[in-house]
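Student: Provide a 3D model corresponding to the input given below.
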Amino acid sequence: MPRPSTCSTSTRTSSRSSTSGTGEWGWTVRRSPRSGAADVRHLLGRRILFFGGKGGVGKTTCSSAFALAASRSGRRVLLVSTDPAHSTSDIFERPFGPEEQPILPGLWGLEVDEEAEARRYLSQAKERIARVFSPAVVREAARQIELAASMPGVTDVALFERMSDIMLSRGGAYDLVVFDTAPTGHALRLLRMPELMEAWVGALTARRREAAAAAATGEAGAGPGTTDPILQSLEARAGRLQRVRAALQQREGVAFVLVIVPERLPIEESARATHMLEDAGIPLGGVVVNRVLPAAATGEFFESRKAQERVYLDEIEDRFSSAPRVRVPQLPRDVHGVESLERISEYLLGT
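Tutor: The predicted structure is shown next:
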């Protein structure tokens, strides 16, 4: 399995530099007067962070390094991987399981298996139906659920349910929960799930109440009422979705961190992501510009690449000017193991 993409931050490489210095890894790093905050230390005070970006830009390395940094600062941190690639195990060089487990002092981790979550979600659906309906209805419902298991979207709903459980039930046990998410589009669909499901559950609840009213009109005491288990389940579901949505929109407690590289496609995808985050009411906490070529990369090939990169770096400064930005150099070797992550975490916090 390939190593996760490298991600580090030091004093930032820039296309419009005014000062320079030699970083710990042995290359010259230039500072830009246009750049935003030189670190993401301000995010240490949040309760929930989502690290996302286009596939292959270094989300896992950045989220892991930040989670480690937060734990080193004295906070209790849970690192959750929802990315199907599950590179957190590789970068920490130890297996992560489906349930939270201690990784290092102050740091716990887990990897969510979306296929296993889908199976569990459908099994729970069968159990809920069995408690309410007759055996004949249960058998038909079970058949339909089995057919639904292979339908697109089921794993998304199941994954959203697990993320909701972590935020609502387990989040209180930690000072900070860091989510290493799937590529941007998938991650943002999950974060929009409360809004979409609230509309669906609301429609079902309204229809159930209409049925209750019609039954009560025809026969006093007949039909579903306040003790109707289906209506109770729908109302409980609606309340849970509202709590999740409220948790995601806590501007002082939640943020999404975009990890980006200075290339055309990641820039465009990240720009679209900022609009989607705004629509969902989720704050953009920062932009990590990863794998910027260092000054030590010389020669005709690298000079050509750096000329193109300068254009993209300036574009990133303009298009993401409202968010704190951290530019990070391409490292000369892979980042894996706690020692490497500790160095990266120092860069992320500007220490």
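Student: Convert the helix or strand that contains Met276 to CSV, retaining C-alpha atoms only.
Tutor: Using DSSP states H and E, Met276 falls within helix 264-280. The C-alpha trace of helix 264-280 is given here as CSV (Å, rounded to 0.1, in the frame of the first residue of the first chain):
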residue,chain,number,x,y,z
ARG,A,264,-5.6,23.4,-11.4
LEU,A,265,-8.1,20.6,-10.5
PRO,A,266,-7.6,20.7,-6.7
ILE,A,267,-8.0,24.5,-6.8
GLU,A,268,-11.3,24.3,-8.6
GLU,A,269,-12.6,21.5,-6.5
SER,A,270,-11.7,23.3,-3.3
ALA,A,271,-13.3,26.6,-4.5
ARG,A,272,-16.6,24.7,-5.1
ALA,A,273,-16.2,23.2,-1.7
THR,A,274,-16.1,26.6,0.0
HIS,A,275,-19.5,27.5,-1.6
MET,A,276,-21.0,24.2,-0.4
LEU,A,277,-19.6,24.7,3.1
GLU,A,278,-21.2,28.2,3.2
ASP,A,279,-24.5,26.8,2.0
ALA,A,280,-24.4,24.1,4.7
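Student: who does that helix touch, helix- and strand-wise?
Tutor: helix 184-191, strand 254-260, strand 284-292, helix 300-319 (3 or more CB pairs under 8 Å, 6 or more residues apart in numbering; DSSP states H and E). No exception for glycine: its C-beta is placed from N, CA and C like everyone else's.
Student: distance of Val288 from Val335?
Tutor: Separation of Val288 from Val335 (CB to CB, to the nearest Å) stands at 14 Å.
Student: ok so, going back, Asp165: which of the helices and strands packed on helix 264-280 is closest?
Tutor: For the helices and strands packed on helix 264-280, proximity to Asp165 was assessed by CB to CB; helix 184-191 is nearest, at 13.4 Å.
Student: For the following helix or strand past the closest one, buried residues please.
Tutor: Later in the chain than helix 184-191, the nearest helix or strand by DSSP H and E is helix 193-218. By 16 or more other CB atoms under 10 Å, the buried positions in helix 193-218 come out as Met193, Pro194, Met197, Glu198, Val201, Thr205, Arg208, Arg209, Ala212, Ala215.
Student: Let me know the helix or strand that the closest residue in space to the third one that isn't next to it in sequence is in.
Tutor: Think Met197. Closest residue to Met197 apart from its sequence neighbours, by CB to CB, 6 or more residues apart in numbering: Leu241 at 5.5 Å. Using DSSP H and E, Leu241 sits in helix 229-248.
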